[in-house]
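Q: fold the following for me, if possible:
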Amino acid sequence: MLNMAMSRAASGLLRALVERMGTQSDRILLSEIQSVDWQSLTFTGETHVLRLRVPGPDADLLVGRLTHGIEDAEFSIPGHLVADIIVAGGLNRALDGSITLEIEALTVAE
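A: Next up is the predicted model:
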């Protein structure tokens, strides 16, 4: 198993995304994560890019559950707020029925 180093904000964001999958949370696979420190004049935080893979056969349904309304969703991440989150680009469907997607987010420290 590959262990990826993640900040508290990144691991909290991943946990919150996995929770959106409900009982199918074991079907979401993290393939890559990148987090970069971010700051404005009044806030500090991180930008995140997560590449996720959802295996078939019902990957469309599960990805829909994950992404539907994501821009307006409330996330519970201790010490951090999700200021912005989007599904970047399109969904990449593989021949095996899996779907890969990329999520970009900005978390801000409370």
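Q: in the helix or strand harbouring Leu14, what's buried?
A: In the assignment (DSSP states H and E), Leu14 maps to helix 8-19. The neighbour-count check on helix 8-19 (16 or more other CB atoms under 10 Å) flags 9-10, 12-14, 16-18 as buried. In short, each C-beta sits where N, CA and C put it, glycine included.
Q: which of the residues you listed lies closest to Leu66?
A: Nearest to Leu66 among these: Leu17, at 6.6 Å, using CB to CB.
Q: just checking, that closest one touches Ile103?
A: Yes: assessed by CB atoms under 8 Å, Leu17 is found in contact with Ile103 at 6.9 Å.
Q: what touches both of the two?
A: 50, 52 (CB atoms under 8 Å, 6 or more residues apart in numbering).
Q: which residues in this protein form strands?
A: Counting by DSSP state E, the chain has strands at residues 29-39, 44-54, 80-93, 99-109.
Q: Asp60 is nearest to which of these?
A: strand 99-109 (6.9 Å).
Q: contact partners for Glu32?
A: For Glu32, the contact set (CB under 8 Å, 6+ apart) comprises 49-51.
Q: of the residues you listed, keep whichever come out buried.
A: By 16+ other CB under 10 Å, the contacts of Glu32 give 50-51 as buried.
Q: separation between Val63 and Val49?
A: Distance of Val63 to Val49, computed by CB to CB, to the nearest Å: 17 Å.
Q: could you check the pLDDT of the nearest residue to Thr67 once chain neighbours are set aside?
A: Nearest residue to Thr67, sequence neighbours excluded (CB to CB, 6 or more residues apart in numbering): Val87, at 5.1 Å. Reported pLDDT at Val87 in the predicted model: 96.
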